[in-house]
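Novice: Requesting a structural model of the entry that follows:
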Amino acid sequence: MTHDFDPAMIFDFFKEVGIIEQLSRARLEARLPDGLIAPHFAVLNHLTMRGDGAVPIDMARAFQVPKTSMTHTIKGLVQHGLVDLRANPDDGRSKRVWLTEKGVALRQEVITALGADFAVLAQGFDMAQLARIKPTLTALREYLDDARDVTAGS
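Specialist: Residues are numbered from 1 along each chain as shown. Model prediction:
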């Protein structure tokens, strides 16, 4: 490590990340159909990336939200026909979450629609700079993801 521990710098870094998250979330939500918000899209994305058939409590842990919040989010997706809840064959009591064809299609439509926003970004921001910081952000995300498992167990 080349820098000394500086809590103010770390705070400023995460403040910037938080503002970027708010700005990007607003752009995402502008592309979502009425009644859907970023957490709904995050679940569609999660199921796409991690695979169908997730158990809601595991999804709540992955998103670090209360089970009731995840249940509410999944309920909204079910109402829009974007996911199905099916009995969990492992225990017969709980449910598993499956993407519907409509959910897969909506996710792709939103990503495609965001292309217009990304094109504007590419015109106004140095893409080489973005490409340079991406590995650092990925490494930080992986570190924090691993650290939360340690923190949760302590």
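Novice: Show me the strands in the chain, by range?
Specialist: 83-87, 95-99 (DSSP state E).
Novice: Enumerate the positions of stretch 141-150 that are buried.
Specialist: By 16 or more other C-beta atoms under 10 Å, stretch 141-150 has no buried positions at all. Bear in mind the C-beta positions are built from the backbone N, C-alpha and C, glycine included.
Novice: no no, stretch 20-32
Specialist: Arg27, Leu28, Arg31, Leu32.
Novice: To Asp58, which of the strands of the chain lies closest?
Specialist: Of all the strands of the chain, the one in closest proximity to Asp58, counting by C-beta to C-beta, is strand 95-99 (9.6 Å).
Novice: That closest one packs against which elements?
Specialist: Contacts defined by 3 or more C-beta pairs under 8 Å, 6 or more residues apart in numbering; DSSP states H and E place strand 95-99 against helix 38-50, helix 56-63, strand 83-87.
Novice: could I have that strand exported to PDB, CA atoms only?
Specialist: This file holds the C-alpha atoms of strand 95-99, laid out as PDB (Å, rounded to 0.1, in the frame of the first residue of the first chain):
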ATOM      1  CA  LYS A  95     -40.200 -21.000  -2.300                       C
ATOM      2  CA  ARG A  96     -37.700 -20.500  -5.000                       C
ATOM      3  CA  VAL A  97     -37.600 -17.500  -7.400                       C
ATOM      4  CA  TRP A  98     -37.500 -18.100 -11.200                       C
ATOM      5  CA  LEU A  99     -37.300 -15.500 -14.000                       C
END
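Novice: Show the average pLDDT along it.
Specialist: Mean pLDDT, computed over strand 95-99, is 95.
Novice: Could you do stretch 121-140 as well?
Specialist: 96.
Novice: would you turn the buried residues of stretch 20-32 into CSV with distance to Thr100 and pLDDT?
Specialist: Putting these into CSV (distance: C-beta to C-beta, whole Å; pLDDT from 0 to 100) gives the following:
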residue, distance to Thr100, pLDDT
Arg27, 25, 96
Leu28, 20, 97
Arg31, 19, 96
Leu32, 16, 96
